[in-house]
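Asks: sequence? don't have it. structure:
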């Protein structure tokens, strides 16, 4: 009996040992993969991504630089309560959501429509020229785009000259979202259409010819041949953009803000910046940022689940 | 002729649809081109005429003043120089680190692949946020250093996934053959794999370069020194904050004149600062279509 257990445990040990030396051998043969290839990325990820995650602690304490992250007095959820109970909270959350949801509603279909239209331009030369023009605004920087917007909409700018009016659009809270979203479409719709255009170009030409032979009109061709070619892509793009609703970029909003349009233009990320970097209110700012991140994570995880279900079980 | 006859074959309904579609497309293109042309023409105007009447085509009154004033300003050139340095250094380091990591992650026989993948992907979903990152940079002593702008973004998980996907599309026989010939991973990667992966390298390089060239946030919070500011920050003070660099307009007598001139200078500034990327863009356009597909189909 005891003999049997002995041998069993010895066998187990041996198996472990063999496994261990096998792993050793593997690392000996493949050390380059870890040390040369992966290590730089791992180090950078650890330093610049994981260490700041530890820094989130300051959202739960009254941080002061002398006592440091670990030594500052703990205050629990005080800063979250302070933010969630302030009247500004709903305004900023609402501004963030409205800006990105309206942006999505207006901005999402346009690249798809552009791709359908481009696909109907038969002469390659002309199509290439149109594409060149459509993609161009994507290469203009945020600052320059916002500069252009400000010049065009200023009291003495071309829009007012054209209308014969003297409206200062940049100071109107009710104009901010329209300005932001319309200029976003102006800049990004062409670029956003690239992948749809490419997918449509790959859609079987034979299938389309056959549909034409069968007397299908353009609507029917789109329904039978072209839409199926991009349908999955459209759905995945839509879901991914929904997942990014809370991560709307800081740079453009901040560059379009004026003191007078803050009522609609102050979003969570600009608020975090002003509270944290400008006012030096580190703990409160981190708490607000963390609140935003958590909603974002929930959205992204949900979205990733849905995408991987659609994408043969392959998420990120 | 063939094209024309095909158009004639369409039914009335289809023709109406097509004409409406082409018109829409034409309007969109016009909406992009017209403002750009306006800016170009406006940059040659006399400031007073520009403010009162907008652009005119009276060529005798056109002037290069705006360009002379902008180009003779030092801060613009410092900005250009910094932007080129930051963007080049960032692009080289970023592409190198990213494709290096993508190689083991693309190999199904790589032990620990799943674990490392989780470590990387978590950072796409969750992060410390603005202040913890700022405090880290400050503790590392990187405030007011170009590395504060460059280092944090070097390894980009999304780009790693794009490169990984591309590497997987390369036939495995290539590596088997290299292994038989006695090549180790480093040799195989640099001598065999990278040379057949230039399209994805080009796409990643362009993404990173354009991204760094056009961004201003990190530079705004980390770099105080005027001598270290990249172009976008210089542009920000001219275009957004309405504070032209000193010397650009200070010789003007009245406030009104200065305001008019400042407005004119904005147009020239926009042209000068956007020209480099816009001129380069048609040359690397061909890389984009392929690269976008790489990133979009399988995430």
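Replies: Yep, it's here. Remember, predicted model here, so these are calculated numbers, not experimental data.
Asks: what about stretch A:303-310, distance to the chain center?
Replies: Relative to its parent chain, stretch A:303-310 has a centroid offset of 16 Å by CA atoms, centre = their mean, to the nearest Å.
Asks: how about that stretch: buried residues?
Replies: A:303-304, A:306-307 (16 or more other CB atoms under 10 Å in any protein chain shown). Where C-beta positions appear, they are placed from N, C-alpha and C, glycine not excepted.
Asks: over to stretch B:174-189?
Replies: Buried-residue list, stretch B:174-189, by 16+ other CB under 10 Å: B:175, B:178, B:183, B:185, B:188-189.
Asks: in the stretch 101-250 of chain B, which spans are helices?
Replies: Counting by DSSP state H, counting those that start in this stretch, the stretch 101-250 of chain B has helices at residues B:113-125, B:130-139, B:146-150, B:157-168, B:173-180, B:185-187, B:198-214, B:217-222, B:231-235.
Asks: and the longest helix for chain B?
Replies: helix B:255-296 (DSSP state H).
Asks: tell me the mean pLDDT over that one?
Replies: On average, the pLDDT along helix B:255-296 is 81.
Asks: from the buried residues of stretch A:303-310, which are also near chain B?
Replies: Subset of the buried residues of stretch A:303-310 in contact with chain B: residue A:307, counting by CB under 8 Å from any CB of the partner chain.
Asks: which residues are in contact with stretch A:238-246?
Replies: A:96-97, A:100-101, A:104, A:108, A:268, A:292, A:295-296, A:299-300, A:302-304, A:306-307 (CB atoms under 8 Å, 6 or more residues apart in numbering or on different chains).
Asks: please redo it, this time with the cut-off set to 10 Å
Replies: Outside stretch A:238-246, the residues that touch it by CB atoms under 10 Å, 6 or more residues apart in numbering or on different chains are A:93, A:96-97, A:99-101, A:103-104, A:107-109, A:112, A:192, A:267-269, A:291-307, A:310, B:125, B:296, B:299.
Asks: for PyMOL, what selects the buried ones among those residues?
Replies: Buried members of those, defined by 16+ other CB under 10 Å, are picked up in PyMOL with:
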select buried, (chain A and resi 93+96+97+99+100+103+104+107+108+112+192+267+268+269+291+292+293+295+296+297+299+300+303+304+306+307) or (chain B and resi 125+296+299)
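Asks: end to end on stretch B:99-116, go ahead and measure it.
Replies: The straight-line separation of the ends of stretch B:99-116 (CA to CA, to the nearest Å) is 15 Å.
Asks: also stretch B:247-260?
Replies: End to end - CA to CA - stretch B:247-260 spans 15 Å.
Asks: quick one on the thing from earlier: could the helices of the stretch 101-250 of chain B be laid out in TSV, adding distance to residue B:17 and mean pLDDT?
Replies: Listed next are those as TSV, based on distance: least, CB to CB, whole Å; pLDDT from 0 to 100:
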stretch	distance to residue B:17	mean pLDDT
helix B:113-125	42	94
helix B:130-139	49	96
helix B:146-150	50	98
helix B:157-168	37	92
helix B:173-180	49	90
helix B:185-187	56	93
helix B:198-214	35	91
helix B:217-222	44	97
helix B:231-235	43	96
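Asks: of all those, which lies closest to residue B:27?
Replies: Of all the helices of the stretch 101-250 of chain B, helix B:198-214 sits nearest to residue B:27, with 26.9 Å by CB to CB.
Asks: so which residue of the stretch 151-300 of chain A comes closest to chain B?
Replies: residue A:289 (3.6 Å; CB to the nearest CB).
Asks: now do the stretch 101-250 of chain A
Replies: residue A:147 (3.0 Å).
Asks: tell me who's in contact with that residue.
Replies: Listed by CB under 10 Å, 6+ apart, the contact partners of residue A:147 are A:140-141, A:255, B:39, B:235-236, B:238-240, B:242, B:266-267, B:269-270, B:273.
Asks: which single one of those residues is nearest to residue A:28?
Replies: For those, the nearest to residue A:28 is residue A:141 (49.2 Å; CB to CB).
Asks: does the closest one really touch residue B:231, like I thought?
Replies: Yes - assessed by CB atoms under 10 Å, residue A:141 is found in contact with residue B:231 at 8.3 Å.
Asks: compare the two (neighbour count), which wins?
Replies: Between residue A:141 and residue B:231, counted using other CB atoms under 10 Å in any protein chain shown, residue B:231 has the larger neighbour count: 29 against 24.
Asks: right, and the more buried one touches residue B:237 too?
Replies: No - if you go by CB under 10 Å, residue B:231 and residue B:237 don't touch, sitting 11.3 Å apart.
Asks: intersection of neighbour lists for these two?
Replies: With CB under 10 Å, 6+ apart, residue B:231 and residue B:237 have common neighbours A:143, B:75, B:79.
Asks: which of these fall within helices?
Replies: Within the shared contacts of residue B:231 and residue B:237, residues falling in helices by DSSP H are A:143, B:75, B:79.
Asks: from residue A:139, how far out is the second one?
Replies: Using CB to CB, to the nearest Å, we find residue B:75 at a distance of 23 Å from residue A:139.
Asks: pick the most buried one from the helices of the stretch 101-250 of chain B.
Replies: helix B:231-235 (a mean of 25; mean count of other CB atoms under 10 Å in any protein chain shown).
Asks: helices or strands up against it?
Replies: The contact analysis (3 or more CB pairs under 10 Å, 6 or more residues apart in numbering or on different chains; DSSP states H and E) places helix B:231-235 against helix A:142-153, helix B:74-106, helix B:198-214, helix B:217-222, helix B:255-296.
Asks: out of those helices, deepest packed?
Replies: Buried most deeply of those, by mean count of other CB under 10 Å, is helix A:142-153, with a mean of 23.
Asks: so that one versus helix B:198-214, what angle?
Replies: Here helix A:142-153 points in a direction 50 degrees away from that of helix B:198-214 (axes from the mean of the first three to the mean of the last three CA atoms, to 10 degrees).
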